[in-house]
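Trainee: predicted model, plus sequence, below.
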Amino acid sequence: MPTKETRFRWPPNDPALKGYRLQGEIPGGVFIHGFRSHCDGEKAVSLAGHAAKRGRSWIRYNQRNCGPGSDTFAQFTIGRSVDDLLSVFDHIGHPVILVGSSLGAVISLQAAQRRPESVCGLLLIAPAVRFVARHFKSLPDGKIDLWRKQGIMKFPDYYEGGEFALQYGFYEDALEYANPGPWEFHFPVNILHGEFDELLPVDDSRELQRNIRSPCVNLEIIAGGDHRLSAAIPLMCQQLDDLWNQV
């Protein structure tokens, strides 16, 4: 009988992370959403439902400064999100499978590298390992300098529409984190990437696969797939089962 999710808030002295938790069999998993996304997206909810059907423990949460109604996204940084995920590891107290979507895959890679004993598998969905280089580092020098001087700058959102604001500290911080490797892990890694991803070319994941040393590294390119990969959610569930079967 599938269990029901309960509210999740963490850490106790600064409960900035809000989401949902399932109690169940271990190892379970943690879902890390992408840039400007949240834990109530289609992939996040579907994977949590799959974990419930399998009787597995599971956590999905909004990263700090993220989520519907948040007015502090401009303060978001990758480094703080990595630190928060490490704190979640402490709360869980046993190894988990990390499922990272887009920039969430970068956060998952970084956390797994820093705390390998807390991870027993990685499922990376359209990993944004070249995100900063493609979307920010390529800005004209004048715009980077203006961003530095102003502290906060607005950018067009080509995916969702409208604009979003980011502090310059995001850029400085992200240069340290968004990279293709090399990586070395003691657990299996599965990567999914859409053939026609309009934001992140599939070659980024091919490069990532080459840069990972692991007992098992698989890359599956989804025919006709875009960046969201909503139609590939059943395959994500299969890949998650595959990782659970290996640990």
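Mentor: Yes, it's here. Residues are numbered from 1 along each chain as shown.
Trainee: what about residue 209? Give its phi and psi, please.
Mentor: Dihedral pair for residue 209: phi -60, psi -40, per degrees, to the nearest 10.
Trainee: let me see the contact set for it.
Mentor: Taking CB atoms under 8 Å, 6 or more residues apart in numbering, we find residue 209 in contact with 191, 217, 219. To be clear about C-beta, it is placed using only N, CA and C from the backbone, and glycine gets the same treatment.
Trainee: show me the beta-bridge partners of the last one.
Mentor: Read it as residue 219. In this entry, residue 219 is beta-bridged to residue 191, by DSSP bridges.
Trainee: isn't it up against residue 203?
Mentor: No. The criterion here is CB atoms under 8 Å, and residue 219 misses it with residue 203 at 11.0 Å.
Trainee: residue 23: neighbour count?
Mentor: 14 (other CB atoms under 10 Å).
Trainee: so what's it up against?
Mentor: Going by CB under 8 Å, 6+ apart, residue 23 touches 3, 6, 57.
Trainee: could I get the residues you listed in a markdown table, plus columns for neighbour count, pLDDT and distance to residue 236?
Mentor: Output for the contacts of residue 23, formatted as a markdown table (neighbours: other CB atoms under 10 Å; pLDDT from 0 to 100; distance: CB to CB, whole Å):
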| residue | neighbour count | pLDDT | distance to residue 236 |
| --- | --- | --- | --- |
| 3 | 16 | 71 | 20 |
| 6 | 9 | 95 | 23 |
| 57 | 20 | 97 | 18 |
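Trainee: dump the residues you listed to TSV, plus distance to residue 83.
Mentor: Putting the contacts of residue 23 into TSV (distance: CB to CB, whole Å) gives the following:
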residue	distance to residue 83
3	29
6	24
57	22
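Trainee: dump those residues into CSV; add secondary structure and distance to residue 80 as well.
Mentor: Converted to CSV, these look like this (DSSP: H, G, I helix; E, B strand; the rest coil; distance: CB to CB, whole Å):
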residue, secondary structure, distance to residue 80
3, coil, 31
6, strand, 25
57, strand, 25
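Trainee: distance of the residue nearest to residue 35 when sequence neighbours are not counted from residue 227?
Mentor: Excluding the flanking residues, the one nearest residue 35 by CB to CB, 6 or more residues apart in numbering is residue 103, at 4.1 Å. In this view, residue 103 and residue 227 are 11 Å apart by CB to CB, to the nearest Å.
Trainee: do residue 207 as well
Mentor: 17 Å.
Trainee: can you check residue 93 too?
Mentor: To residue 227, residue 93 is 34 Å away according to CB to CB.
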